[in-house]
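Novice: Provided below for reference: sequence and predicted model.
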Amino acid sequence: SALKGDAEIQRAMLVLSYIGQSYQWSDVKPATTLPKKLALPWYEVGKLVGRPPILSYQSYASDNWRRIDPNGPIECGNIALQQCFLGGQDEEWFILIHIDIEKKAGKALKAIEDAQGDVVSSDADKLLISLTKLRDSLAAMYSVLCRMPEKCDPYIYFHRVRPYIFGWRNNPSLPNGVIYEGVDEYKGVGQTFRGETGAQSAIIPAADGVLGIDHEKDELREYLMEMRQYMPPQHVKFIEAVEAGPSVRAFVKSANSAKLTAIFNECVEIVADFRAKHLEYAGTYIHAQAQATPGNPSAVGTGGTPFMVYLRKHRDETKSQTL
């Protein structure tokens, strides 16, 4: 009741999430119980934003920035974090890259909406324009992703950044999850929430949706669907609306237009490139570092999933779905 407006509520979720993760992962042995003074407000604010009481992508990245020059662009070089765990160039850059990607995705999301509208009106010329805008936005996102190694070192990421964003699920150090003291709704049962991961962003699911990119129904696809529980509810509604909307893929197939097919395929290929780059980073930033560190799990990501298998599979599935 003390929080006024959406901005204060989102800020409270961010701060509580950083405090909660710090409380959990600052010691050698993680806590199995969160104290009431932390657990209860985290839970209550989580209800207000529609997300579980754990650090999620929205708080870690999307809500966690400010402009250096108030009149300058929202991109790397003119944005800084509001909150870090330990601070330093590598942690800041890792998160800032994601913020820059989210900003550049704005045009992609508008193009997705426009493209489906073009299908409804059966306007192939306008659809060509919308898909061109989608391609350009996806390409801009990919270019930002490629900048990750500039200021984020794999060794420092693995040992200094990554440990603070793990969740409570599929985590061998928390076999029974975490008890949220004072939260009656949980009835004293340990909660097993997933950790923060880029899979909690709506961008790629929306791109998959508009391009009709399907993934085989298996454990990994179920994991991606589960990640929607950690997204802002309005983001989930957008993804679902795109998935339920008119089929751009079917329209392009029936249009018999070489230009339309080519630009559609370019969009699919950039999504595949995005996944390929993510797979590359998973190898250098996580898998290779884990292999060189005795006792560290090498195949499970911060979200608690076998990330190398997931990323490789979805890259290959995406590549195979050009027209």
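Specialist: It's in. Numbers count the residues shown, from 1 in each chain.
Novice: stretch 219-227: which residues count as buried?
Specialist: Buried residues in stretch 219-227, defined by neighbour count with 16 or more other Cβ atoms under 10 Å: 220-221, 223-224, 226-227. (C-beta placed from N, C-alpha, C; glycine too.)
Novice: show me which of these is closest to residue 81.
Specialist: Proximity to residue 81 was ranked across the buried residues of stretch 219-227 by Cβ to Cβ; first place goes to residue 227, at 22.7 Å.
Novice: check contacts around the closest one.
Specialist: For residue 227, the contact set (Cβ atoms under 8 Å, 6 or more residues apart in numbering) comprises 194, 197, 199-200, 303.
Novice: again, 10 Å this time
Specialist: By Cβ atoms under 10 Å, 6 or more residues apart in numbering, residue 227 lies in contact with 56-57, 194, 197-202, 205, 236, 303, 305.
Novice: could you list which of these belong to helices?
Specialist: Taking DSSP state H, the ones among the contacts of residue 227 that sit in helices are 57, 205, 236.
Novice: is it true that the second one touches residue 241?
Specialist: No: between residue 205 and residue 241 no contact is recorded; they are 11.7 Å apart, counting by Cβ atoms under 10 Å.
Novice: where in the stretch 151-300 of the chain is pLDDT low?
Specialist: Scanning the stretch 151-300 of the chain for pLDDT under 70 picks out the ranges 294-300.
Novice: can you show me the strands along it?
Specialist: In the stretch 151-300 of the chain, the strands defined using DSSP state E, counting those that start in this stretch lie at 179-180.
Novice: if we can go back for a sec, give me the more crowded residue out of residue 205 and residue 241.
Specialist: Using other Cβ atoms under 10 Å, the more surrounded residue of residue 205 and residue 241 is residue 205, with 23 against 14.
Novice: wait, what's in contact with the residue lying closest to the more buried one once chain neighbours are set aside?
Specialist: The shortest distance from residue 205 to any non-neighbouring residue, by Cβ to Cβ, 6 or more residues apart in numbering, is to residue 239 (4.8 Å). Contact analysis of residue 239 by Cβ under 10 Å, 6+ apart lists 112, 202-210, 228, 231.
Novice: returning to what we had before: nearest to residue 2, of the buried residues of stretch 219-227?
Specialist: residue 227 (30.7 Å).
Novice: now that closest one: how far from residue 278?
Specialist: Remark: distance between residue 227 and residue 278 (Cβ to Cβ, to the nearest Å) = 14 Å.
Novice: what do you get for residue 265?
Specialist: 20 Å.
Novice: average pLDDT for the top helix by length along the chain?
Specialist: Ordering each helix of the chain by length in residues (DSSP H) puts helix 89-120 first. When pLDDT is averaged over helix 89-120, the result is 98.
Novice: over to stretch 29-48?
Specialist: Mean pLDDT, computed over stretch 29-48, is 97.
Novice: same question, stretch 61-77
Specialist: On average, the pLDDT along stretch 61-77 is 98.
Novice: could you dump that stretch to CSV, C-alpha only?
Specialist: This file holds the C-alpha atoms of stretch 61-77, laid out as CSV (Å, rounded to 0.1, in the frame of the first residue of the first chain):
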residue,chain,number,x,y,z
ALA,A,61,17.8,-6.2,-17.3
SER,A,62,14.7,-4.6,-18.7
ASP,A,63,13.9,-2.4,-15.6
ASN,A,64,17.5,-2.0,-14.5
TRP,A,65,19.0,1.0,-16.5
ARG,A,66,19.3,4.7,-16.7
ARG,A,67,20.6,7.1,-19.4
ILE,A,68,23.9,8.8,-18.9
ASP,A,69,23.0,11.7,-21.2
PRO,A,70,19.2,12.2,-20.7
ASN,A,71,18.9,13.3,-24.3
GLY,A,72,21.0,10.5,-25.8
PRO,A,73,20.0,7.1,-27.2
ILE,A,74,19.2,4.0,-25.2
GLU,A,75,22.2,1.9,-26.2
CYS,A,76,25.5,0.7,-24.9
GLY,A,77,27.7,3.8,-24.3
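Novice: show me where the stretch 1-150 of the chain has its strands.
Specialist: In the stretch 1-150 of the chain, the strands defined using DSSP E, counting those that start in this stretch lie at 33-34, 66-67, 79-80.
Novice: so residue 140 touches residue 100, yeah?
Specialist: Yes: at 9.3 Å, residue 140 counts as touching residue 100 under the criterion of Cβ under 10 Å.
Novice: sorry, back to before: out of the strands of the stretch 1-150 of the chain, the one nearest residue 52 is which?
Specialist: It is, among those and with distance given as Cβ to Cβ, strand 33-34, at 12.7 Å.
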